[in-house]
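Trainee: mind folding the following:
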Amino acid sequence: MKYIDLHVHSTASDGSFAPAEVVRQAKAGGLTAMALTDHDTVDGLAEAVAAGDREGVEVIPGVEISAQCPGGTMHILGLFVDYHDGRLDERLAVLKQARIDRNPQIIKKLNDLNIPITMARVEEISGGGQVGRPHIARALMEAGYVTSIQQAFDIFLRKGGKAYVSKYRFPPAEALTMIRESKGIPVLAHPFTLGLGSAFALKNLLIELKGQGLAGIEVFYSEHTPEQEALYLKLARELDLLITGGSDYHGLNKPEITLGSMASQKKLTYKLVEALKAWRRREFKLSD
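Mentor: Residues are numbered from 1 along each chain as shown. Coordinates of the predicted model:
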């Protein structure tokens, strides 16, 4: 059986391993295909695709875009994006800058709490990639203020946390359009982070997003409960949405996740990729 992972991060955003190393780990984990979906950037894709050619792993060019969501967090995956498209990179630069602007504000809030974390150390931890909250979390853990990255988020960095700072995000319709304009497939990632209170509310939102261009939903995910997975699968079938899934691998920044070993890995087969490719050919009138 050919297994896949359609939600993976590298040092181009907030993962701990370089794109080529992530691909090598995907190979070691028995994966046939993986999508590199770094946050708000396509900077790691060229390296990942080249590594995929060497390792014999199909690397699907992707991105994970932050979108506005009043009650929770909305992330939209773009799969099979044209990462050579200058227009996509130009729009993503807006989100990169928002992240750059936010990081010193988080550090200041931590300093105001008498936690002497420095931006210089956080940048060192990032290894030269895009700095994000997981790198700040690792700095907090390194300095002994928390015992895990999850605890750093729970206390300081999540929405509502002691040092949380909001940043600019695109309206969902704009994020969906950006992905489609690059001939990518827009997929709603980990729906539980939306913070919706019922299946009814989620279904209504999915209907709204589909009208704006949404094509799929991440059904299989490392943190989904069996009940959530069953609900998302049911909604995907009812609303004729593509089914995807992935681990949300971040390397050492999420040490509990290893490529190729998530609980629902056996449901993540290459048939899902074939369905994505078929949809993309029809939607964008592409030749094989």
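Trainee: so who does L95 touch?
Mentor: D40, I65, S66, Y168, R169, F170 (C-beta atoms under 8 Å, 6 or more residues apart in numbering). (Glycine included, C-beta is placed from N, CA and C.)
Trainee: state which helix of the chain is the longest.
Mentor: helix 86-112 (DSSP state H).
Trainee: buried stuff in that one?
Mentor: Judged by neighbour count using 16 or more other C-beta atoms under 10 Å, the buried positions of helix 86-112 are 88-89, 91-92, 95-96, 98-99, 102-103, 106-107, 109-110.
Trainee: pick the one among the residues you listed closest to L79.
Mentor: Lowest distance from L79 to the buried residues of helix 86-112 (C-beta to C-beta) belongs to L88, with 13.2 Å.
Trainee: ok, back up a step: helix or strand right after the longest helix of the chain?
Mentor: helix 119-126 (DSSP states H and E).
Trainee: next, name the residue at the spatial heart of the chain.
Mentor: E64 (4.3 Å; C-alpha atoms, centre = their mean).
Trainee: ok, G78 touching E181?
Mentor: No. Using C-beta atoms under 8 Å, G78 is not in contact with E181, being 10.1 Å away.
Trainee: of the two, give the one with the bigger neighbour count.
Mentor: The residue with more neighbours, out of G78 and E181, is G78; 29 against 15, by other C-beta atoms under 10 Å.
Trainee: bridging residues for the more buried one?
Mentor: V63, P186 (DSSP bridges).
Trainee: tell me the contacts of it?
Mentor: T37, G62, V63, E64, I65, M178, I179, S182, G184, I185, P186, V187.
Trainee: repeat that for 10 Å
Mentor: 35, 37, 42, 61-65, 88, 92, 175-176, 178-180, 182-187, 215 (C-beta atoms under 10 Å, 6 or more residues apart in numbering).
Trainee: just N253 next, same as before
Mentor: If you count contacts by C-beta under 10 Å, 6+ apart, then N253 has 9, 11, 14-17, 125, 132-135, 137-138, 149 around it.
Trainee: just read off the phi/psi values of it.
Mentor: N253 adopts backbone torsions of phi -80, psi -10, taken as degrees, to the nearest 10.
Trainee: about what we covered before: overlap in contacts of G78 and E181?
Mentor: With C-beta under 10 Å, 6+ apart, G78 and E181 have common neighbours L88.
Trainee: what's near enough to touch the residue nearest to Q68 when sequence neighbours are not counted?
Mentor: Leaving aside its sequence neighbours, Q68 sits nearest to R169 (C-beta to C-beta, 6 or more residues apart in numbering; 4.8 Å). Counting by C-beta under 10 Å, 6+ apart, R169 makes contact with 40, 65-69, 73-75, 94-95, 98, 175.
Trainee: can I get the buried part of the residues you listed as one PyMOL selection?
Mentor: The buried residues among those can be selected in PyMOL (16+ other C-beta under 10 Å) with this line:
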select buried, resi 40+65+66+67+69+73+74+75+95+98+175
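Trainee: sort out for me which of the contacts of R169 are in helices.
Mentor: V94, L95, A98, A175.
Trainee: okay, the residues you listed in TSV with pLDDT next?
Mentor: TSV is the format used below for the ones in helices among the contacts of R169 (pLDDT from 0 to 100):
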residue	pLDDT
V94	93
L95	90
A98	89
A175	97
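Trainee: of the residues you listed, closest to I115?
Mentor: Nearest to I115 among the ones in helices among the contacts of R169, with distances taken as C-beta to C-beta, is A98, at 23.3 Å.
Trainee: so that closest one is in contact with I65, correct?
Mentor: No. Using C-beta atoms under 10 Å, A98 makes no contact with I65, being 11.7 Å away.
Trainee: overlap in contacts of the two?
Mentor: With C-beta under 10 Å, 6+ apart, A98 and I65 have common neighbours D40, R169, F170.
Trainee: closest to T269 among the residues you listed?
Mentor: D40 (28.8 Å).
Trainee: done for today, thanks.
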